[in-house]
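Engineer: Provided below for reference: sequence and predicted model.
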Amino acid sequence: MSASTVYPSKAEIIQHSFLDEQKYQDLYRQSITEPEKFWAEHAQRLDWFKPFSKVKDTSFHAPDVHIRWFEDGYLNVSHNCLDRHLEHRGDQTAIIWQGDDPSEHKHISYRELHTAVCRFANVLKAQGVAKGDVVTLYMPMIPETAVAMLACTRIGAVHSVVFGGFSPEALASRILNGRSKLVITADEGLRGGKTIPLKANVDAALTRSDLDMVEKVIVVKRTGVDVGWREGRDICYQEAMAQASDDCPAEVMNAEDPLFILYTSGSTGAPKGVLHTTGGYLTYVSLSHQYVFNYREGDVFWCTADFGWITGHSYVLYGPLSNGATTLVYEGVPNYPDLSRFWRIVEQHKVNLFYTAPTAIRAIMAAGDELAQAADSSSLRVMGSCGEPINPEAWEWFYRVVGDSRCPIMDTWWQTETGGIMITPIAGVNDLKPGSATRPFFGVQPALVDNEGNEISGAGEGNLIIKDSWPAQMRTVYGDHDRFVKTYFSTFTGAYFTGDGARRDEDGYYWITGRVDDVINVSGHRMGTAEVESALVSHPKVAEAAVVGYPHAIKGQGIYVYITLNVSEAPTDALKEELRQWVRKEIGPVASPDVIQWAPGLPKTRSGKIMRRILRKIAADEHDNLGDVSTLADPSVVDELIANRVGAP
Ligand code: PRX
């Protein structure tokens, strides 16, 4: 092992593991050399209505990029997550729902969840939703969201979940892209004691004249507040459910039928609709959920992600339920009523496997050890982290204080596009190094290449690519296959480009170094700087905007914005606030700038390209080390920006 601190697994974790080092090596080798055999065998963990005869037909070579897994097999996701468990674990809890208010929680058994899903599937059918239709969800973290997602899969509708923190504008553009005829929402969401006006936001989105394809809005009563009601369009979830039959056979779906769309940001253009399909996705999230976390029958699994992100799809819902697990759905936030909330929930519901994000860990860590030790977290066995790099200090604190130096931490690297975990430790198998996502999961062939595409062997650093397909890979950008090919398969010939950089050490462990494109990661939320810029320049007083990420102690990265105003505008603090509010309106609170600096000029090349490298350095307060500025059209702009740098919070 290399010089960095190494944490071997404790004996009780090793004992519990499904694998040891040798078995991992053997299985991994087989998954790469004989992928068809490996995946044909592991796909048997699911129930297939009609077995597949073909396993893999994939090509990463532009222009004919195609990804097909199990293409002549038929199955249904809700059947695999519900019906097949009824015989043996019908009365077992499928979902523990913990409300924002600590006193509010409930257990929903597999049988109850199955009944609710069948009923809601019939509600959707009664509204004319058919196989292949896109249904948009704009929902809080409540059981009804899981019911709605599973009901879509039951009838073959394609769900498109939009995170409740997005603005009406952002919601509208996603509804439009998916051409949804039906939207599901709640009267209000509840997070940290505050309400979120979800139904009012839907109403605001639907005032757009190009959204007249939306025929129905189903509204779950969550807080019970009075909301605007459009007769003929709006339907009360609870009333519709009371009248629906609970008999709804699961639609027989082809393995390659679309399962869901989820929008994510890239370096350019509007967010892309990442399309995932049925058979490969479910096989992969089911297998990875079990192996990575060492999920065992009876374990309570808690992933703190929101249903609005891929982690909420793969590891709150589909992975755990396909494995018959008890999954915890938490409505609230880590700091309400105070920063001990996560551990109080762990204690109350005896959580065994806990999966969260570095930003939450850093925020809780900043409050000191006492709050973390205020509750009994001895039920925990394995912990996980995802969404952004976890700094070694946060890792060590999480390990020592929360996990009592007993629970290994699975630092899992993956993306919306990858559908499931790609580079990760496996509980009880490999030694851990804080800050490293360690090694590839089964079927994943990562490689590092330089900017010319030459592969780097042994220890080294470069662009992270994946050389061959895995079953949960996205299939296309919804409605724009060319964009899919161009974004992921045109930078390096014949490979999937992740957009991330990574280092590989002498033990073959991967260390993700962060995005190498213009995507930033703020509190685990992925954002394109171009999206925020485009929101800002649409403000009438703004002439030009450049957005970069800078290191932020809690959020990982913060949003630093340079603004050039129209000549007639005065730079005031009131205008800064106006611009912040503007971004919140255009995209949502997640994109709100942390720092705004007035920039009478931006550093540009003679051909007019903004030199973001320089702006990133100034934002990070590393201006002693700006590199070559000789290609700038006007180098004096840089001195002006350094002199007026705004101290970042
Ligand atoms: O930059 C990587 C970072 O998050 C990006 C993917 O974000 P998203 O599509 O929202 O998916 C989140 C689900 C995990 C990646 O391109 N990232 C994700 N996990 C890690 C990470 N960076 C470092 N370490 C990780 N474990």
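Structural biologist: Yep, it's here.
Engineer: identify each buried residue in the worst-scoring helix or strand of the chain on mean pLDDT, please.
Structural biologist: Least confident helix or strand, the chain: helix 11-16 with a mean of 90, by mean pLDDT, DSSP states H and E. Of all the residues in helix 11-16, those buried under the rule 16 or more other Cβ atoms under 10 Å are Ile13, Ile14. Quick note: C-beta positions are derived from backbone N, CA and C, even for glycine.
Engineer: check stretch 382-400 too.
Structural biologist: Applying 16+ other Cβ under 10 Å to stretch 382-400 flags 382-391, 394-399 as buried.
Engineer: in strands only, show me those residues.
Structural biologist: Val382, Met383, Gly384, Ser385, Cys386 (DSSP state E).
Engineer: before we move on, the earlier item: how far is the least confident helix or strand of the chain from where the chain is centred?
Structural biologist: 30 Å (Cα atoms, centre = their mean, to the nearest Å).
Engineer: report the contact partners of the residue of the stretch 101-250 of the chain found nearest the ligand.
Structural biologist: Here the stretch 101-250 of the chain gets closest to the ligand at one residue, Phe163, 10.5 Å apart by Cβ to the nearest ligand atom. Counting by Cβ atoms under 8 Å, 6 or more residues apart in numbering, Phe163 makes contact with Asp306, Gly308, Trp309, Gly588, Val590.
Engineer: go on, Thr513?
Structural biologist: The contact partners of Thr513, by Cβ under 8 Å, 6+ apart, come to Pro389, Glu461, Asp500, Gly501, Ala502, Arg503.
Engineer: go with 6 Å
Structural biologist: Counting by Cβ atoms under 6 Å, 6 or more residues apart in numbering, Thr513 touches Gly501, Ala502, Arg503.
Engineer: same question, Ile456
Structural biologist: Taking Cβ under 6 Å, 6+ apart, one finds Leu448, Gly462 in contact with Ile456.
Engineer: near the ligand, list only the ones from the buried residues of stretch 382-400.
Structural biologist: Cys386, Gly387, Glu388, Pro389 (Cβ under 6 Å from any ligand atom).
Engineer: skipping its backbone neighbours, what lies nearest the last one in space?
Structural biologist: Same thing as Pro389. Distances taken as Cβ to Cβ, 6 or more residues apart in numbering put Ile512 closest to Pro389, at 5.7 Å, once the chain neighbours are dropped.
Engineer: so which residues on the protein come close to the ligand?
Structural biologist: Counting by Cβ under 6 Å from any ligand atom, the chain comes close to the ligand at 264, 310-311, 386-389, 411-416, 437, 498-500, 512, 514-515, 521, 526.
Engineer: and the gap between Gly224 and Leu190?
Structural biologist: From Gly224 over to Leu190 the distance is 11 Å, taken as Cβ to Cβ, to the nearest Å.
Engineer: which residue of these two possesses the greater neighbour count?
Structural biologist: Ranked by neighbour count (other Cβ atoms under 10 Å), Gly224 and Leu190 place Leu190 first, with 20 against 8.
Engineer: against which helices or strands is the helix ranked longest in the chain packed?
Structural biologist: Ordering each helix of the chain by length in residues (DSSP state H) puts helix 110-126 first. Packing partners of helix 110-126 (3 or more Cβ pairs under 6 Å, 6 or more residues apart in numbering; DSSP states H and E): helix 143-155.
Engineer: okay, the angle between the helix it packs on and helix 110-126?
Structural biologist: Note on geometry: by axes from the mean of the first three to the mean of the last three Cα atoms, to 10 degrees, helix 143-155 and helix 110-126 are set 70 degrees apart in direction.
Engineer: residues making contact with the helix or strand following helix 143-155?
Structural biologist: Toward the C-terminal end, the helix or strand that comes next after helix 143-155 (DSSP states H and E) is strand 158-161. Strand 158-161 is contacted from outside by Val134, Val135, Thr136, Leu137, Met149, Cys152, Gly178, Pro258, Phe260, Ile261, Phe307, Gly308, using Cβ under 6 Å, 6+ apart.
Engineer: tabulate those residues (JSON lines), appending distance to Glu87, pLDDT and secondary structure.
Structural biologist: Output for the contacts of strand 158-161, formatted as JSON lines (distance: Cβ to Cβ, whole Å; pLDDT from 0 to 100; DSSP: H, G, I helix; E, B strand; the rest coil):
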{"residue": "Val134", "distance to Glu87": "33", "pLDDT": "98", "secondary structure": "strand"}
{"residue": "Val135", "distance to Glu87": "30", "pLDDT": "98", "secondary structure": "strand"}
{"residue": "Thr136", "distance to Glu87": "34", "pLDDT": "98", "secondary structure": "strand"}
{"residue": "Leu137", "distance to Glu87": "30", "pLDDT": "98", "secondary structure": "strand"}
{"residue": "Met149", "distance to Glu87": "23", "pLDDT": "99", "secondary structure": "helix"}
{"residue": "Cys152", "distance to Glu87": "24", "pLDDT": "99", "secondary structure": "helix"}
{"residue": "Gly178", "distance to Glu87": "36", "pLDDT": "97", "secondary structure": "helix"}
{"residue": "Pro258", "distance to Glu87": "29", "pLDDT": "98", "secondary structure": "strand"}
{"residue": "Phe260", "distance to Glu87": "27", "pLDDT": "99", "secondary structure": "strand"}
{"residue": "Ile261", "distance to Glu87": "33", "pLDDT": "98", "secondary structure": "strand"}
{"residue": "Phe307", "distance to Glu87": "28", "pLDDT": "98", "secondary structure": "coil"}
{"residue": "Gly308", "distance to Glu87": "33", "pLDDT": "97", "secondary structure": "coil"}
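Engineer: report the buried members of those.
Structural biologist: Among the contacts of strand 158-161, the ones that count as buried by 16+ other Cβ under 10 Å are Val134, Val135, Thr136, Leu137, Met149, Cys152, Gly178, Pro258, Phe260, Ile261, Phe307, Gly308.
Engineer: where does the residue of the stretch 101-250 of the chain closest to the ligand sit: helix, strand or coil?
Structural biologist: In terms of secondary structure, Phe163 is coil; the call rests on DSSP: H, G, I helix; E, B strand; the rest coil.
Engineer: that one and Tyr399: what is the separation?
Structural biologist: Note on Phe163: its distance to Tyr399, by Cβ to Cβ, is 29 Å.
Engineer: with Thr564 instead?
Structural biologist: 46 Å.
Engineer: what's the pLDDT at Arg606?
Structural biologist: On the pLDDT scale, Arg606 is placed at 87.
Engineer: tell me the contacts of it?
Structural biologist: Contacts of Arg606 (Cβ under 6 Å, 6+ apart): Ala633.
Engineer: now it: how far from the ligand?
Structural biologist: Separation of Arg606 from the ligand (Cβ to the nearest ligand atom, to the nearest Å) stands at 32 Å.
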